[in-house]
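Trainee: Okay, sequence plus prediction incoming.
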2 protein chains.
Amino acid sequence: MNVDECRSRFAAERHAYLATADRAAVPHLVPVTFAVVGSDEIAVAIDHKPKRVADPHRLRRIRNIVANPRVAFLADVYDEDWERLWWVRADASARVLDGGDERDRAVEELIERYPQYRAAPPAGPVLLARVDRWTGWSGRT
Amino acid sequence: MNVDECRSRFAAERHAYLATADRAAVPHLVPVTFAVVGSDEIAVAIDHKPKRVADPHRLRRIRNIVANPRVAFLADVYDEDWERLWWVRADASARVLDGGDERDRAVEELIERYPQYRAAPPAGPVLLARVDRWTGWSGRT
């Protein structure tokens, strides 16, 4: 699967997975909603229950990214016909944006993409990850 | 979500995600089929295209686990009604089993669970992960 196909398949999915790791290399894994911003950035809002914590910087995904920006995203489709499986992984470096234009633009993209955010726009920090490698695999190939 | 519910929801899912990290704390993420063995072990076969590589020990998930046994699994259900979202994460320590009774029993569980494996049983190594923490979240709660 070439890079363009990886990017377009990933961007079209409604949810993905985010792996982070702390400095001791202990991995952490959460499902995320996201928007691809431009061609190679992925934005994730910290907004949803139970993430409505008093201080989102206590969340492990945020602590991990602050300590270690390397992250991996995965989007995939599972099917009992394993010839129909595919996945796309984005290896990236992430930052935590607490405010500013870049955060606000990312939030706009997220609201555009998810009607669910319109009623309650993400108010907290945004993770913005720059993808340095797209990798994909499909059972059909 | 209590531990029993986490375990039973996870065990009933047909696929999950596996995060590993190398010693430099770079995370890696792949979708996996799996079986829960006993109450707190998760078995994953290395068997499926494109994992039919000449030497499966060259795969990043295996290299990472050999270098750093800490892993995280996640199973979830996405729904556009975000009240229906849920996920379960299993934080675990994994080993790579190249052969032996423990590997063979895990393969039997995988074959039992996935008819897809019956025609072509997993022939390579098996990852066996001992879960030390189940964590779950549901949008309904």
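Mentor: Here it is on my side, so go on. Numbers count the residues shown, from 1 in each chain, chains lettered A, B, ... in the order given.
Trainee: residues from chain A in reach of chain B?
Mentor: Residues of chain A lying close to chain B by C-beta under 8 Å from any C-beta of the partner chain are A:14-15, A:17, A:19-31, A:48-50, A:68, A:70-74, A:76, A:78, A:80, A:82, A:85, A:87, A:89, A:91, A:116, A:137, A:139. From N, CA and C alone the C-beta is placed, and that goes for glycine too.
Trainee: can you do 6 Å?
Mentor: Proximity of chain A to chain B, by C-beta under 6 Å from any C-beta of the partner chain, involves residues A:15, A:17, A:19, A:21, A:23, A:25-29, A:31, A:68, A:70, A:72, A:74, A:76, A:78, A:82, A:87, A:89, A:116.
Trainee: after the helix or strand bottoming out on mean pLDDT in chain A, next one along is what?
Mentor: None of the helices or strands of chain A scores lower by mean pLDDT, DSSP states H and E than helix A:116-119, at a mean of 91. Sequence order places strand A:126-138 as the next helix or strand after helix A:116-119, per DSSP states H and E.
Trainee: Give me the residues contacting that following strand.
Mentor: For strand A:126-138, the surrounding residues in contact (C-beta atoms under 6 Å, 6 or more residues apart in numbering or on different chains) are A:1, A:3, A:6-7, A:40-45, A:71, A:86-95, A:97, A:103, A:106.
Trainee: Helices - which of the residues of chain A next to chain B land there?
Mentor: residue A:116 (DSSP state H).
Trainee: Mind checking which of the residues of chain A next to chain B are buried?
Mentor: With burial judged by 16 or more other C-beta atoms under 10 Å in any protein chain shown, the buried subset of those is A:15, A:17, A:19, A:21, A:25-29, A:31, A:68, A:70, A:72, A:74, A:76, A:87, A:89, A:116.
Trainee: Inside strands: which ones of those residues?
Mentor: Among these, the members found in strands (DSSP state E) are A:17, A:19, A:21, A:27-29, A:31, A:70, A:72, A:74, A:76, A:87, A:89.
Trainee: where are the low-confidence patches of chain A?
Mentor: In the predicted model of chain A, residues A:47-54, A:141 satisfy pLDDT under 70.
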